[in-house]
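# Next come a sequence and a model predicted from it.
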Amino acid sequence: MKEEILGNKHKKQVGIMGGTFNPPHLGHLVMAEAVGSQLGLEKVLFMPDAQPPHHHAKHTIAAKHRLAMVERAIDGNSHFGLERAEIDRGGISYTYDTMVSLKQQHPDTDYYFIIGADMVADLPTWHRIDELIKLVQFVGVKRPEFPATSRYPILWVDAPLLDISSSLIRQRVSQGCSVRYLVPDAVLDYIEEEGLYREKHEQH
């Protein structure tokens, strides 16, 4: 990845992977690693949302748990980091608002916003998408069942595909089934310690 030069200063190339991370799983980590290494990004930041606009709130556990699980999931990888912007701000997490704020705080950084091919199709519904695409470079991770096309400028990359979803993990935990090797061991330990996803009622 060639570096963009601002005056005499090299701009940082940083990936952002937003999501509910309810819970974070190995599919998230594989995707972030693949994109970060292929594009030569300095870091990939995992950014849990406070209140996702695209998910039904009743299915999302408290932010403190999701934040703690992400911290455990990325521990030990120096190329991964945690971005708390949306959690700290609270309320509904609109990517546009977040990126305006991050660009103001870090004018020396070019951001690459990583999404799966399934989410690329939803981009027309995103809040202020026409302005958002001027703030970030979207990176789409290819999946065979979704076309690698968009009316928006997408940088497409390949990554190993793991058929894992957070909803699958929640379902398996609630049924008493093992999720070992689907989530990092540290995340599994946290789920068990906190008793997450065990019952129909949500933990706060």
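Looks like it arrived, so ask away. Numbers count the residues shown, from 1 in each chain.

# any idea how far residue 34 lies from residue 141?
To residue 141, residue 34 is 7 Å away according to CB to CB, to the nearest Å. Where C-beta positions appear, they are placed from N, C-alpha and C, glycine not excepted.

# Can you pull the residues that touch both of the two?
Residues touching both residue 34 and residue 141 by CB atoms under 8 Å, 6 or more residues apart in numbering: 157, 158, 159.

# Which of the residues you listed are buried? Put it as a PyMOL command.
This is how PyMOL selects the buried members of the shared contacts of residue 34 and residue 141, with burial counted by 16 or more other CB atoms under 10 Å:
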select buried, resi 157+159
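
# Of the shared contacts of residue 34 and residue 141, just say which sits nearest to residue 167.
When the shared contacts of residue 34 and residue 141 are compared for distance to residue 167 (CB to CB), residue 159 wins out at 20.0 Å.

# Would you agree that closest one falls within a strand?
No: remark: residue 159 does not belong to a strand; assigned using DSSP: H, G, I helix; E, B strand; the rest coil, it is coil.

# From the contact counts, what lies against the helix or strand where residue 28 lies?
Applying DSSP states H and E as the criterion places residue 28 in helix 26-39. Helix 26-39 sits against strand 12-19, strand 43-48, helix 63-74, strand 80-82, strand 109-116, strand 137-141, strand 154-157, with contacts defined as 3 or more CB pairs under 8 Å, 6 or more residues apart in numbering; DSSP states H and E.
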